[in-house]
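Q: Task: produce atomic coordinates for the following.
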Amino acid sequence: MQFEITSSPKKITISIGDKLRLGKYVERLVSYQLQQNENITVLAENVQVQENKTTLGELDCLLLKDGKPIHLEVIYKFYLYDSSVGTTEIEHFVGPNRKDSLRQKLTKLKEKQLPLLYSETCKPYLKSLNLKSEDIIQRVYFKAQLFLPYCSQNIQLNTLNLDCIYGFYITQNELDTFENCKFYIPSKKDWLIAPHPNVDWIKFKELRDITNELLEQKYSCLFWLKHKSGVIEKVFWVWW
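A: All right, here's what the predicted structure looks like:
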């Protein structure tokens, strides 16, 4: 069910609004990447499926690949490993603010997002594109960045892709461990990129002041951490 994109443009030559939610921002990036592939024709994107003015859901992308129709769902998530949640590897991964989880996303995908294609309400949308649901292949482009607890980075994952591990996360109590480091808090769209040194780094005290405020707001944040050695890591600070 997983969908892979083979084309890798060296430079993005389109303008994407900075105010888009991260998920929508990623959809625009993926759309651009799809359109660089000569074997792919994008038919429709962000198709709102409505019934009696109520939105039932959205089809991220309908496309032709080598002439075959595909319904593609695009997902990009950030999950942190918390062994206190659930009993399985998948259940242990939660969102940075604990408002969502990998298990919830997979359930929604299976029970709502993918079945939407086969609903009666969706038929007119497909007909307008000369498509029938029974002829369409469903695929998922699911990318994620996973973060392990700072104190337990030797956790062995048996189900999920180890290449998805991008760093670790720390609590407020563990922050002092890095008092000799420098920090940078990227904008949310820059959560996607690899850390690099060419940014305005801040000192520990400034980060501590920021996290104190976030602690009151119960809001986690991602930052880049630069050690004295010059090594840079991607880290989540969590309020919980």
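Q: Give the closest residue to residue 153 in space, chain neighbours not counted.
A: Closest residue to residue 153 apart from its sequence neighbours, by CB to CB, 6 or more residues apart in numbering: residue 168 at 5.5 Å. Heads up, the C-betas are built off the backbone N, CA and C, glycines and all.
Q: who's in contact with the helix or strand harbouring residue 124?
A: Using DSSP states H and E, residue 124 sits in helix 123-127. Here helix 123-127 makes contact (CB atoms under 8 Å, 6 or more residues apart in numbering) with 44, 47, 49, 59, 62, 117, 132, 133, 136.
Q: Apply 7 Å and report the result again.
A: Residues outside helix 123-127 that contact it (CB atoms under 7 Å, 6 or more residues apart in numbering) are 47, 49, 132, 133.
Q: so where's the protein uncertain?
A: Confidence mapping of the chain against pLDDT under 70 gives the ranges 1-2, 4, 6-15, 17-18.
Q: Can you identify each of the helices in it by residue range?
A: All helices of the chain, identified by DSSP state H, fall at 22-35, 102-108, 123-127, 204-217.
Q: Distance from the third one to the middle of the chain?
A: Put simply, helix 123-127 sits 29 Å off its chain's centre (CA atoms, centre = their mean, to the nearest Å).
Q: Check the second one too.
A: With CA atoms, centre = their mean as the basis, the distance from the averaged C-alpha position of helix 102-108 to the chain average is 13 Å.
Q: Check which residues of that helix are buried.
A: By 16 or more other CB atoms under 10 Å, the buried positions in helix 102-108 come out as 102, 103, 105.
Q: Noted, bye for now.
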